[in-house]
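In: Kindly return the folded structure for what I paste below:
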Amino acid sequence: MLKKKLDELTLKDNFMFCAVMADVDNCRGFLEMCLGISVGRVEVSSEKSVVFRPEYRSVQLDVYAKDADNTHYDIEMQVVQKPGLARRSRYYHSQMDMELLHCGQDYPELSDCFVIFVCDFDPFGKGRYLYTFENCCLEEGELKQEEGCRSVFLNTCVRNLEEVPAGLVNFLEFVKADLAESQRNFRDVYVTQLQDSIRLIKSSREMEDKFMTLQEVILDERAEAKVEGRAEVILELLEDLGALPDEELAEKVMNEKRPEVLRRWLKLAARATSVGQFMEEIQ
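Out: Next up is the predicted model:
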């Protein structure tokens, strides 16, 4: 994977999006523009990890914020369309609720919350700039559960421009823009504010160091995942040849971290006719 430089990032890059939205003015401006509401004081916790029990899947939120009314917001930048986006929204809501409802509190005390995805694609293929979901009764469409939670999806691939507020059009165009295009004058106060924030972030040595560190961590995690995946394939090939003689062989394969060794073992496992033959050849 080719590593990007901080200067090459736009708002749609996750690191830049989180850094820009860590500024309370930028975050509040986004929420007011996106939801069409007035938002008071905002507190932002960037890159918040929500983990409840080790046996459960944890979730790391891009931008996590709350306002003066204790309404909570999870804002996610989504550049690549992947399956299960709606269910991911459901999962984020559940994780946020588990954190918000403290022991001893009653359910009416549960705070309102929004999960907001900024999508660089049309997530539902209807051409709308905004899709808002909340639970309602199938038999009585006007009857809502008033759960206090909504899922919102913004779409940069807009077809119904006549329905889109001008400020939101400019923001979505800014998100979709490539590096060169993102630096033009969008004639929009909020977009100019974001451009100024991005220039400030790119001029910061501290932010450059953070970005470089993040890239190294990602590369290390991907390399580790690749190593673990290769080791698991080796064991699967060996199990097809027969039962492993003991746990020592499995531990030896899984504990091997040298990619060149695992590549050689994978080739041996693929052509071996027995587990015993494989064990002899790796000695």
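In: thought residue 76 was touching residue 62?
Out: Yes - the criterion here is Cβ atoms under 8 Å, and residue 76 meets it with residue 62 at 4.8 Å. For the C-beta atoms, the positions are set from N, CA and C on the backbone; glycine is no exception.
In: Just give the nearest non-adjacent residue to residue 249, would you?
Out: Nearest residue to residue 249 in three dimensions, chain neighbours excluded: residue 279, at 6.5 Å (Cβ to Cβ, 6 or more residues apart in numbering).
In: what kind of secondary structure is the one you found in?
Out: helix (DSSP: H, G, I helix; E, B strand; the rest coil).
In: Can you give me the distance of it to residue 66?
Out: According to Cβ to Cβ, to the nearest Å, residue 279 stands 57 Å off from residue 66.
In: Then residue 74?
Out: 10 Å.
In: And these two? Which one has more around it.
Out: residue 74 (23 against 18; other Cβ atoms under 10 Å).
In: Would you double-check that that one falls in a strand?
Out: Yes - secondary structure of residue 74 (three-state DSSP): part of a strand.
In: was I right about it contacting residue 116?
Out: Yes - judged on Cβ under 8 Å, residue 74 makes contact with residue 116 at a distance of 6.9 Å.
In: which residues of the stretch 51-200 of the chain fall in helices?
Out: Using DSSP state H, counting those that start in this stretch, the helices of the stretch 51-200 of the chain run over 85-100, 166-176, 189-202.
In: Now do the shortest one and helix 189-202, the angle between them.
Out: Translated: helix 166-176. For helix 166-176 against helix 189-202, the angle by axes from the mean of the first three to the mean of the last three Cα atoms, to 10 degrees is 30 degrees.
In: Flag every buried residue along helix 166-176.
Out: Of the residues in helix 166-176, 167, 168, 170, 171, 172, 173, 174, 175, 176 count as buried by neighbour count, 16 or more other Cβ atoms under 10 Å.
In: same check, this time on the last one
Out: When neighbours are counted by 16+ other Cβ under 10 Å, the buried residues of helix 189-202 are found to be 190, 191, 194, 195, 197, 198, 201, 202.
In: got the CA coordinates for it in PDB?
Out: Only the C-alpha atoms of helix 189-202 are listed here, as PDB (Å, rounded to 0.1, in the frame of the first residue of the first chain):
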ATOM      1  CA  VAL A 189     -18.800  30.600   4.500                       C
ATOM      2  CA  TYR A 190     -18.800  27.100   6.100                       C
ATOM      3  CA  VAL A 191     -16.800  25.400   3.300                       C
ATOM      4  CA  THR A 192     -14.200  28.300   3.600                       C
ATOM      5  CA  GLN A 193     -14.100  27.600   7.300                       C
ATOM      6  CA  LEU A 194     -13.300  23.900   6.700                       C
ATOM      7  CA  GLN A 195     -10.700  24.800   4.100                       C
ATOM      8  CA  ASP A 196      -9.000  27.100   6.600                       C
ATOM      9  CA  SER A 197      -9.000  24.300   9.200                       C
ATOM     10  CA  ILE A 198      -7.500  21.800   6.700                       C
ATOM     11  CA  ARG A 199      -4.700  24.300   5.800                       C
ATOM     12  CA  LEU A 200      -4.000  24.700   9.500                       C
ATOM     13  CA  ILE A 201      -3.900  21.000  10.100                       C
ATOM     14  CA  LYS A 202      -1.600  20.400   7.100                       C
END
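In: so what secondary structure elements neighbour that helix?
Out: Helices and strands touching helix 189-202, by 3 or more Cβ pairs under 8 Å, 6 or more residues apart in numbering; DSSP states H and E, are helix 14-21, helix 24-35, helix 166-176.
In: Check the shortest one too.
Out: For helix 166-176, the elements it packs on are helix 24-35, strand 149-155, helix 189-202, judged by 3+ Cβ pairs under 8 Å, 6+ apart.
In: That'll do, ta.
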